[in-house]
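Enquirer: Dropping a prediction and its sequence here:
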Amino acid sequence: MIKPRNYWTKEKCQEEALKYNSRGQFCKSKGAYWACIKNKWLDEVCSHIIKLINDKWTKDKCQKIIEKCYSIREFREKYNSAYQCCIRNKWINELCINLHRDFKISGYWTKEKCLESALECVSKKEFRLRYPTAYSNSLENKWINDIYDKCNFNIITNHIWMVYSYLILDKYVYVGITTNEKSRKLNHLKNSKKSAVYKFIKNNNIELKDIIYQIEINNIKDIDEIKKLEKFYLEKYLNFGYLKLNIHKTGSIGGGKLIWNKEKCQDIIKTCHSIKEFREKYNSVYNACVKNKWLNELDGLLRVGKKKGYWTKEKCQEESLKYKTKLEFQISNSFVYKVCRKNKWLNDFFPNKFNKELCILEALKYKTKKDFMKNNNKVYNLAYEHGWLNDICSHMDELKKPNGYWTKERCQEISNICKTKKDLRDKNIVVYITIMKNKWFELMSHFIELR
């Protein structure tokens, strides 16, 4: 219920404050609390409330509180002020040594601990999701390959494998293995940019009718057997004269992972002009360089671009001759286009087809400037830029007459054409208003009065 104005007097605020044991609880009674703040009664009204802030947490008091708790989480949630005091004074590791920890202390994840956690998992994915901190520490400290070598992640006995193949244009072949046929087909044909089949289809604009998909063999449970079968079927097609699309060696479960060493990164970075191009074209190689801190070292191997001042007017003109329009030039080589625009060379390289004579011929098609601008804005703007507009539009009717244009004689000419006031208003409202304003009623003496 809304209280009337000035309802919260000092006495009523004191009565309300007695219901609470802390200022935080009293704050919930918004009307009384804010009335106390506004009138500076808060300390007096809350004099019965014990200020817990003055009760400082000593090391002994914190120790007694900690003994009541089972875990650090319970201590933090129930006694947050004591917990914060322990953090500030760096007592937390000393006093909470016997409490159950919901998180691992810094330095817990040694190589041995990471290996123990990995051995509990069936696959690499499970290790990554179940123990994310162990996984990230393994990557950071470069233990991951040693851990994977000691874990038999690839030996999965409960999966049923199959060998499949894609024959494209009766010339190319891709042989693979999978446990999920539907998902793998979707990846290869529609949405996996990493798939060799998807890349080949997209880059060469191949239609689905030119692709033959077939299952070579299925219901295989032995992992070693499926690896041998994949190799067998690929070699079979190669012997028939097919060209392989497989990037990785056969026998890799879920696709192999290319290891980018320093030499391979050097070969790739030499093909790029800039770090931006390197990052966009070869993101995995770029990430490997960042991870191994090779980027600054390999930066000098980038292909040297054009030096400052290279793009002279002659060079820009040579480049512009490759394109038919300014728009095509801008899209295909935006850098040189910007240089030309900055130096105002674009009109020299792409001269306008319309000269003054052609603009006059175009302007003769229209009766007013408004129609001209509406129907051929390009020529209109060109004439305006070169200062030809008034010359080429001299034949046009001005929509707006200059001040003082409608003299008594001109109004008489228009009035003589009309038979009634209504006729004059409809044909030329400006003339009618001018006659009425100047009280030239004699100009309308010949009008027929309608009754």
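Expert: Thanks, I have the structure now.
Enquirer: isn't there a strand covering N218?
Expert: Yes. Under DSSP: H, G, I helix; E, B strand; the rest coil, N218 falls within a strand.
Enquirer: what ranges do the helices span in the stretch 51-200 of the chain?
Expert: For the stretch 51-200 of the chain, applying DSSP state H, counting those that start in this stretch gives helices covering 59-67, 72-78, 80-88, 92-95, 111-119, 124-130, 132-140, 144-150, 181-186, 196-203.
Enquirer: Which elements pack onto the fifth one?
Expert: In this case it means helix 111-119. helix 124-130, helix 132-140, helix 144-150 (3 or more Cβ pairs under 8 Å, 6 or more residues apart in numbering; DSSP states H and E). Quick note: C-beta positions are derived from backbone N, CA and C, even for glycine.
Enquirer: Low-confidence regions, the chain specifically.
Expert: Scanning the chain for pLDDT under 70 picks out 1-2, 50-55, 101-106, 152-158, 249-259, 299-308, 352-354, 397-401, 449-451.
Enquirer: Point to the residue nearest the middle of it.
Expert: Computing the C-alpha centroid of the chain and ranking residues by Cα atoms, centre = their mean puts E280 first, at 14.9 Å.
Enquirer: and the helix or strand where that one lies, which residues are buried?
Expert: Take DSSP states H and E as the rule and E280 turns out to sit in helix 275-281. By neighbour count with 16 or more other Cβ atoms under 10 Å, helix 275-281 contains the buried residues 278-279.
Enquirer: which other helices and strands contact the helix or strand that it is followed by?
Expert: Next along the chain after helix 275-281, taking DSSP H and E as the criterion, comes helix 283-291. Here helix 283-291 touches helix 262-269, helix 275-281, helix 295-298, going by 3+ Cβ pairs under 8 Å, 6+ apart.
Enquirer: Let me have those helices in a markdown table, extended by distance to K28.
Expert: Shown next, in a markdown table, are these (distance: least, Cβ to Cβ, whole Å):
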| stretch | distance to K28 |
| --- | --- |
| helix 262-269 | 62 |
| helix 275-281 | 54 |
| helix 295-298 | 57 |
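Enquirer: Out of these, the one nearest Y79 is which?
Expert: Nearest to Y79 among the helices and strands packed on helix 283-291 is helix 295-298; the distance by Cβ to Cβ comes to 48.4 Å.
Enquirer: Alpha carbons only: can I get that closest one in PDB?
Expert: The C-alpha atoms that make up helix 295-298 are tabulated as PDB, following Å, rounded to 0.1, in the frame of the first residue of the first chain:
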ATOM      1  CA  LEU A 295      56.100 -15.200 -35.500                       C
ATOM      2  CA  ASN A 296      58.600 -12.300 -34.800                       C
ATOM      3  CA  GLU A 297      61.400 -14.400 -36.100                       C
ATOM      4  CA  LEU A 298      59.600 -15.500 -39.300                       C
END
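Enquirer: What lies in contact with that helix?
Expert: 265-266, 269, 275, 286, 289 (Cβ atoms under 8 Å, 6 or more residues apart in numbering).
Enquirer: Among those residues, which one lies nearest to K419?
Expert: Nearest member of the contacts of helix 295-298 to K419, counting by Cβ to Cβ, is I275, at 82.8 Å.
Enquirer: And the closest one, how far from Y286?
Expert: The gap separating I275 from Y286 is 8 Å, by Cβ to Cβ, to the nearest Å.
Enquirer: swap in S334?
Expert: From S334 to Y286 the distance is 23 Å (Cβ to Cβ).
Enquirer: between these two, which one's more packed in?
Expert: Y286 (20 against 10; other Cβ atoms under 10 Å).
Enquirer: From what I see, that one and E277 are in contact.
Expert: No. Assessed by Cβ atoms under 8 Å, Y286 is found out of contact with E277, at 10.1 Å.
Enquirer: Return every residue with contacts to both of the two.
Expert: In contact with both Y286 and E277: no residue, using Cβ under 8 Å, 6+ apart.
Enquirer: what residues go with each domain of this protein?
Expert: 10-53, 56-95, 111-150, 161-244, 262-301, 313-349, 356-392, 408-444 (automatic domain parsing).
Enquirer: Now do the contacts for the residue lying closest to L167 once chain neighbours are set aside.
Expert: Closest residue to L167 apart from its sequence neighbours, by Cβ to Cβ, 6 or more residues apart in numbering: I212 at 4.2 Å. When contacts are counted by Cβ under 8 Å, 6+ apart, I212 touches 166-168.
Enquirer: What about E235, how many residues nearby?
Expert: E235 has 13 neighbours, counted by other Cβ under 10 Å.
Enquirer: Just the CA trace of the helix or strand it falls within, in PDB.
Expert: Using DSSP H and E, E235 sits in helix 223-239. Output of helix 223-239 as PDB, limited to C-alpha atoms (Å, rounded to 0.1, in the frame of the first residue of the first chain):
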ATOM      1  CA  ILE A 223      40.400 -51.300 -35.200                       C
ATOM      2  CA  ASP A 224      43.600 -52.800 -36.700                       C
ATOM      3  CA  GLU A 225      41.600 -54.600 -39.300                       C
ATOM      4  CA  ILE A 226      39.700 -51.500 -40.400                       C
ATOM      5  CA  LYS A 227      43.000 -49.600 -40.900                       C
ATOM      6  CA  LYS A 228      44.300 -52.300 -43.200                       C
ATOM      7  CA  LEU A 229      41.100 -52.400 -45.100                       C
ATOM      8  CA  GLU A 230      41.100 -48.700 -45.700                       C
ATOM      9  CA  LYS A 231      44.600 -48.900 -47.100                       C
ATOM     10  CA  PHE A 232      43.600 -51.900 -49.300                       C
ATOM     11  CA  TYR A 233      40.700 -50.200 -50.900                       C
ATOM     12  CA  LEU A 234      42.600 -47.000 -51.600                       C
ATOM     13  CA  GLU A 235      45.500 -48.900 -53.300                       C
ATOM     14  CA  LYS A 236      42.900 -50.900 -55.300                       C
ATOM     15  CA  TYR A 237      41.500 -47.600 -56.800                       C
ATOM     16  CA  LEU A 238      45.000 -46.200 -57.400                       C
ATOM     17  CA  ASN A 239      45.900 -49.300 -59.300                       C
END
